[in-house]
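In: just need the structure, nothing else, for what follows:
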Amino acid sequence: MAATPSVAVVGGGASGTLAAVHLLRRARALAMPLEVVLIDQYGRHALGQAYSTTDPHHLLNACVSKMSAIEGDPGHLLRWARDNGLDIDGPDYLPRQVYGRYLRDVLAAAEEPPLRVVRRVTGTASGLTCDRGVRVRLSDGGQIDADAAVLALGNRTPAAWPHIVDAVDSRYVADPWARNALTRICDGAPVLVLGTGLTMVDVAVTVTRAHPDAVVYAVSRHALLPRPHPYPVPPPVPVPIPDGPLGVAGLLRAVRLAVKDNAGDWHGVVDGLRPQVQRLWARLTPDDQRRFLSGAARYWEVHRHRIPPATAARVADLRATGRLRVLRGQMLRTTAVPGGMRARVEVDGAVRELDVGWLVNATGPGSDIARDPFLASLISGGTARPDRLRLGLDAGLGGAVLDATGHSDGRVFTLGPMLRGSLYETTAIPEIRAQAAALASRLIEAVTIRPGRSHPEPGSSEPHIDVPYHRIEANALTFGSSLTESEITRIAGG
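Out: Now for the predicted structure:
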C-alpha cells in the first residue's frame, strides 16, 4: 500500500495554519488521504507570534467580519464566536488571544483521522533539501520527509539595534513577542520603546495596565501613531490610477486627488486602494519601490494598519495623562546605570537624556532575510533566492519558491510575509487566506505528480509574480494626502 501523501509546513503561525486548513479541506473534497506536518519553533501551533499574546486587551486590528479563516465564508468567525458564547457582531474587535483559540479550533476541525491528520512538531528548521521529495532538517538532528513543503515563516524578528552597547542585557527586550518578554517588565520603572507603530501600542497597553504609574517613552523618526478605525466604517472609494508608466510621485498625487474628491476623508480611499496594491506595486520600478519604502511607507502604514476604537481611546488617555510620551527623533546610545540605563535621545534636533528601567525594540519586522539562519541556509545552498529587494523569497506562480537559477521543481512553496517583495500587500489575514486557498490545489498537484518536475523560469508562458517588494505596502499611497507637493517631489527623487 502506498504511503500517505504528506506536506511539511515550516512555521506554525497564522500563515502555516491557514495553509494547512485549506489544504486539508481540499483533500477532503477529493476524498484523498493526507498528512500535514506543522513545524513550529516554540510549540505555539496555530498561534504564532501575533495570537500567542496573553493580554486580553490586545485586540485584533480588523473587525470580526473581515477575519474569517475560511476563504469564501466571511461569516465563519462570527458563527464560531457565537457558538462559543461570545456576544459580538461583525463590526466588533476580538481579543487576539481569542482569535488564536479560533485558529486552533479551525485547524482541529479540518482534521479527519485517520485519513487526514496534522502532526504537530515542535522544532527549529535548520535546512531543507529537495530530491525525490522534500527533507526538512531540524536543529536537534531530526528530520521530516514529505512530498512537498510550505515555508510559512511569518514576520522576521526586529532587526538588532546598533547603539545598544552599554545597556544591561537583562533590561533590553530585543523581541517583545518572544515568550514572556513583557512579563519581565515588572517593576514599574519607565520604559523606552523604539518605534511608534502597532507593537509600541501593544507594549504601552500592557505595561501601563500592569503598573498604573509606569511611564512609556516612544521614539521614532516620524513620531507617527497608527490611526484609529472610524465607526461606522465608510465604504471603500474607487481610486482612479493613470494608465501607462507609474512613478511614486504620480501615485501619491492620484491619492491626494482622490482624498480631496472624497471631501477630505481618507478612510474610504485607503480601503479602496487595498485591492489594487499588488498590481500597483508591480507597476513601480525597483528604484521607485525603494523610494516609496524609504520616504512614504511609514505614512501609508499608519493609515492602512489602523487600531480599534477602544485601543485608540486608551492611547489617547495615556497621552493626555503623560503616561505615554511620543518623541520625534532617534536614540543615540545607552549607558548602564544602577537600576536601569541612561538613554541619549535626539529629539527634534536637541539631545536629551532619559533614565529608564527598560528598553524595548518595537521597530517592526526585520527586513533582511539573510539574518534568519534557516533562510540563509536555503539561499546559500541554492534551494531558494531572495527577491530583488531582499524582503523575502523570490517566487513564481502560486508562491512556488525559485531556486538560484530561477527555476522551481514545484514542491516548495511560500505565502504571507515571505512574499512582501513581490506583492507588498500580503501580511493580513484576508490576503493570506486567499493565498492559502489557491495554494491548496498546487500542493495537491505537487504530492500526486512525479518528483523533480521543473517549472518554467520567469518570462515563460507561465505567469510569474517576480515583482520587487518591500516592507512598504503599495497602499502607502493613501497617506498621499498627508504629504505636501515638495515632500512628494523629494520622495520621488526630484
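In: quick check, residue 344 in a strand?
Out: Yes - counting by DSSP: H, G, I helix; E, B strand; the rest coil, residue 344 is found in a strand.
In: residue 337 - how many residues pack around it?
Out: By other C-beta atoms under 10 Å, the residues close to residue 337 number 15. All C-beta spots, glycine's among them, are computed from the backbone N, C-alpha and C.
In: neighbours around the residue nearest to it when sequence neighbours are not counted, how many?
Out: Nearest in space to residue 337, with sequence neighbours left out and distances taken as C-beta to C-beta, 6 or more residues apart in numbering, is residue 355 at 6.5 Å. Residues lying near residue 355 (other C-beta under 10 Å) number 14.
In: which ones are touching residue 65?
Out: For residue 65, the contact set (C-beta atoms under 8 Å, 6 or more residues apart in numbering) comprises 74-75, 78, 90-91.
In: pull out the buried residues from those.
Out: residue 78 (16 or more other C-beta atoms under 10 Å).
In: turn the contacts of residue 65 into TSV, including distance to residue 103.
Out: As requested, those are exported to TSV (distance: C-beta to C-beta, whole Å):
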residue	distance to residue 103
74	16
75	16
78	15
90	18
91	21
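In: now render the contacts of residue 65 as a markdown table, adding pLDDT and distance to residue 238.
Out: Output for these, formatted as a markdown table (pLDDT from 0 to 100; distance: C-beta to C-beta, whole Å):
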| residue | pLDDT | distance to residue 238 |
| --- | --- | --- |
| 74 | 97 | 21 |
| 75 | 98 | 26 |
| 78 | 98 | 27 |
| 90 | 96 | 23 |
| 91 | 96 | 23 |
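In: just give me the closest of the contacts of residue 65 to residue 278.
Out: residue 74 (20.2 Å; C-beta to C-beta).
In: quick check, central residue of this protein?
Out: residue 427 (4.1 Å; C-alpha atoms, centre = their mean).
In: related to what we said a few turns ago, would you say the residue nearest to residue 337 is within a helix?
Out: No - under three-state DSSP, residue 355 falls outside any helix and is assigned strand.
In: hey, what's it bridged with?
Out: residue 342 (DSSP bridges).
In: correct me, but it touches residue 335?
Out: No - Residue 355 is beyond contact range of residue 335, at 10.1 Å (criterion: C-beta atoms under 8 Å).
In: overlap of the contact sets of those two?
Out: 341-342.
In: related to what we said a few turns ago, for the residue nearest to residue 337, give its distance to residue 340.
Out: 6 Å (C-beta to C-beta, to the nearest Å).
In: quickly list what's touching both of the two.
Out: residue 190.
In: model confidence over the helix ranked longest in the chain, on average?
Out: Of all segments of type helix in the chain, defined using DSSP state H, the longest is helix 429-448. For helix 429-448, the mean per-residue pLDDT is 95.
In: count of neighbours near residue 212?
Out: Counted with other C-beta under 10 Å, residues neighbouring residue 212 total 8.
In: sec struct for it, please.
Out: Residue 212, by the three-state scheme (three-state DSSP), is coil.
In: now the closest residue to residue 415 other than its chain neighbours: how far from residue 399?
Out: Nearest residue to residue 415 in three dimensions, chain neighbours excluded: residue 435, at 4.3 Å (C-beta to C-beta, 6+ apart). As judged by C-beta to C-beta, residue 435 and residue 399 stand 6 Å apart.
In: neighbour count: these two, which is higher?
Out: Shown here are residue 435 and residue 399; by other C-beta under 10 Å, residue 399 has more neighbours (29 against 25).
In: tell me how far the nearest residue to that one once chain neighbours are set aside lies from residue 395.
Out: What sits nearest to residue 399 in space, not counting adjacent residues and going by C-beta to C-beta, 6+ apart, is residue 413, at 4.6 Å. Residue 413 sits 8 Å away from residue 395, going by C-beta to C-beta.
In: overlap in contacts of those two?
Out: Common neighbours of residue 413 and residue 395, using C-beta under 8 Å, 6+ apart, are residue 401.
In: any idea how many residues pack against residue 332?
Out: Neighbours of residue 332 (other C-beta under 10 Å): 13.
In: got a list of contacts for the host helix or strand of it?
Out: Per DSSP states H and E, residue 332 falls inside strand 324-337. Contacts to strand 324-337, defined as C-beta under 8 Å, 6+ apart, come from residues 161, 163-168, 192, 194, 196, 204, 208, 215-223, 225, 315, 318-319, 341-349, 351, 355, 359.
In: for this protein, which helix or strand comes out least confident on mean pLDDT?
Out: Confidence across the helices and strands of the chain bottoms out at helix 485-491, with a mean of 51, counting by mean pLDDT, DSSP states H and E.
In: what's the domain layout of the chain?
Out: The chain is divided into the following domains under automatic domain parsing: 6-152+368-448, 169-225+324-361.
In: could you tell me the end-to-end distance of the shortest one?
Out: Length of domain 169-225+324-361, first residue to last, C-alpha to C-alpha, to the nearest Å: 12 Å.
In: tally of neighbours for the closest residue to residue 148 other than its chain neighbours?
Out: The spatially closest residue to residue 148, leaving aside those adjacent along the chain, is residue 446, at 4.1 Å (C-beta to C-beta, 6+ apart). Residue 446: 25 surrounding residues under other C-beta under 10 Å.
In: do the same with residue 79
Out: 11.
In: next, the angle helix 429-448 makes with the strand or helix carrying residue 135.
Out: Counting by DSSP H and E, the element that carries residue 135 is strand 134-138. Strand 134-138 runs at 120 degrees relative to helix 429-448, counting by axes from the mean of the first three to the mean of the last three C-alpha atoms, to 10 degrees.
In: CA atoms only for strand 134-138 - export them in CSV, please.
Out: Output in CSV follows, covering the C-alpha atoms of strand 134-138 (Å, rounded to 0.1, in the frame of the first residue of the first chain):
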residue,chain,number,x,y,z
VAL,A,134,11.5,17.3,0.4
ARG,A,135,13.5,16.8,3.6
VAL,A,136,13.4,19.4,6.4
ARG,A,137,16.3,19.1,8.8
LEU,A,138,15.8,20.2,12.4
